[in-house]
Structure formats: structure tokens, C-alpha cells
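[1] output the structure for:
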Amino acid sequence: MGYHRAWVIVDDKGNPYLTYHHGSVLDEKDEHGRFKTNTELITYDMEELPEELTLHLLSVTRYEAVKDKWEVPLYEGE
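    As a prediction, the model looks like this:
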């Protein structure tokens, strides 16, 4: 099972910046029994660090292993 998250940073002037996410789930749990995570967001387009920014989570996609594998035959059209 895995997750993919899409984030965007918006600076104090309203400019959006695409981010690249790198992270992992640690074996360690917090006081509520949840696994701790490590997250790093990188953007290459921001030239100056703004005084204020907003981080938006755009989407989360969850992947799970398929229990019963299946195949779709491909046919060449005429």
C-alpha cells in the first residue's frame, strides 16, 4: 500500500509554486498510536522566500496491492 500526495505553495502575492514531495512513514509511533512521518517539499521556481506562504494539499491518491490479479487483452485495430 502506498500514498501519493500533491501539494502547492502559494506565496503572499498569490503566486502558486509546484512542489515535489519526498517523504516516508517511520516505524516509530506518536502518543496516539499513529505512525510518524517525514515530509520534505521542494520547489525550484521560488526565487525569494516570502514572509508568509500557504501550503495546499491538492489531492491524495492511495494505492493498494491487488489481491486477484487480472489482465486485459490488447488487440490491434484494423
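
[2] run through the chain and note the low-pLDDT ranges.
    Across the chain, residues meeting the criterion (pLDDT under 70) sit at 1-2.

[3] tell me where the protein has strands.
    Ranges of strands in the chain, per DSSP state E, are 2-11, 16-18, 20-29, 35-42, 53-63.

[4] quick one, which of those strands is nearest to Pro73?
    strand 53-63 (24.0 Å; Cβ to Cβ). No exception for glycine: its C-beta is placed from N, CA and C like everyone else's.

[5] got the CA coordinates for that closest one in PDB?
    Output of strand 53-63 as PDB, limited to C-alpha atoms (Å, rounded to 0.1, in the frame of the first residue of the first chain):
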ATOM      1  CA  LEU A  53       3.000  31.400   2.400                       C
ATOM      2  CA  THR A  54       0.100  28.900   2.300                       C
ATOM      3  CA  LEU A  55       0.500  25.200   1.700                       C
ATOM      4  CA  HIS A  56      -2.400  23.500  -0.100                       C
ATOM      5  CA  LEU A  57      -2.900  19.700  -0.200                       C
ATOM      6  CA  LEU A  58      -4.400  19.300  -3.700                       C
ATOM      7  CA  SER A  59      -5.000  15.500  -3.700                       C
ATOM      8  CA  VAL A  60      -4.200  12.200  -2.000                       C
ATOM      9  CA  THR A  61      -4.100   9.000  -4.100                       C
ATOM     10  CA  ARG A  62      -3.900   5.700  -2.200                       C
ATOM     11  CA  TYR A  63      -2.500   2.600  -3.800                       C
END
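
[6] walk me through which strands that strand pairs with, and which way each runs.
    strand 2-11 (antiparallel) (DSSP bridges).

[7] pipe the strands of the chain into CSV and attach distance to Gly77 and mean neighbour count per row.
    Shown next, in CSV, are those (distance: least, Cβ to Cβ, whole Å; neighbours: other Cβ atoms under 10 Å):
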stretch, distance to Gly77, mean neighbour count
strand 2-11, 32, 14
strand 16-18, 37, 14
strand 20-29, 38, 10
strand 35-42, 42, 11
strand 53-63, 31, 10
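
[8] just put these in TSV and tack on distance to Glu78.
    Below are the strands of the chain laid out as TSV (distance: least, Cβ to Cβ, whole Å):
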stretch	distance to Glu78
strand 2-11	38
strand 16-18	42
strand 20-29	43
strand 35-42	48
strand 53-63	36
